[in-house]
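*Asks:* Pasting the sequence and the predicted model now:
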Amino acid sequence: MKKRLTPEESRFAAIEAARALLIEAGPQAVTLKAVSARIGRTHANLLHHFGSAAGLQKALAKNLAETVCETIGAAVLKARAEDGDPREIVDLTFDAFGEQGAGALASWAILTGNEDALDPIVETIHDLVDRLGQGHEDEPVHRDTLGLVLMALGDALLGGPMASALGLPRESAREIAAGQLRASMGMRKAANDG
């Protein structure tokens with residue numbers, strides 16, 4: 001007999017199953033049928049909670065973005081407080097788009113015309129940048145974020161083949177992003193110290 005779940009538990013279980021499917025088999029595997037089979041619920045149950053496969057994918061994107069942005073935000077604050085190495089921020093961002101599937105989900109949403117699924121990712125990143133920018137309005141946090149997110153997305157989609165084709169180590173894009181972030185942070189520090 002199936003354990004009765006609260007609506008919140010049911011949604012959480014579905015999103016976790018969708019995340020696992022995304023990482024294991026890619027965004028095309030995140031279907032209502034596959035998720036319902038994985039959590040032992042009915043297709044109708046998921047329709048009730050998400051309305052459609054697109055609704056599930058949007059909820060997954062929101063969950064991914066919130067989790068990733070919380071981690072990245074903590075790393076940024078730590079780097080600011082301790083003069084930490086921006087490479088940690090770069091690695092977290094690249095891992096989110098690569099290993100955690102945010103890049104594949106974003107590209108799939110665009111290619112299938114489900115661009116609404118991108119809204120939670122874009123909104124959550126925007127909220128993070130606004131929070132991190134408080135008290136640092138003179139800093140180009142928006143520009144740094146744009147560059148880092150686009151590099152991480154590009155690396156998730158083509159990084160391996162491009163690095164190989166150019167005869168570069170696989171980590172090259174991360175090193176370039178970290179160098180750019182270090183330079184930007186150094187210029188801001190110099191401006192503040194000067």
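*Replies:* Everything's here; your move. Since the model is a prediction, treat every value here as computed from it, not as a measurement. Numbers count the residues shown, from 1 in each chain.

*Asks:* can you give me the offset of stretch 103-118 from its chain's centre?
*Replies:* Average the C-alpha atoms of stretch 103-118, do the same for its chain, and the two points are 13 Å apart (CA atoms, centre = their mean, to the nearest Å).

*Asks:* my bad, stretch 114-131
*Replies:* That offset, for stretch 114-131, works out to 10 Å (CA atoms, centre = their mean).

*Asks:* In stretch 87-103, which residues are buried?
*Replies:* Within stretch 87-103, the residues scored as buried using 16 or more other CB atoms under 10 Å are 87-98, 100-103. (Each C-beta comes from the backbone N, C-alpha and C, glycine too.)

*Asks:* So of those, which two are at opposite extremes in space?
*Replies:* Spatial extent of those (CB to CB) is set by the pair 87 and 101 at 21.8 Å.

*Asks:* about what we covered before: mind checking which of the buried residues of stretch 87-103 are in strands?
*Replies:* Counting by DSSP state E, those place none of their members in strands.

*Asks:* Out of those residues, which sit inside helices?
*Replies:* 87-97, 102-103 (DSSP state H).

*Asks:* Out of those, flag the one nearest to residue 176.
*Replies:* Nearest to residue 176 among these, with distances taken as CB to CB, is residue 90, at 9.2 Å.

*Asks:* In contact with that closest one, which residues are there?
*Replies:* Residue 90 sits next to 148, 152, 174, 177, 178, 181 when contact means CB atoms under 8 Å, 6 or more residues apart in numbering.

*Asks:* Which helix or strand contains the fourth one?
*Replies:* Using DSSP states H and E, residue 177 sits in helix 172-193.
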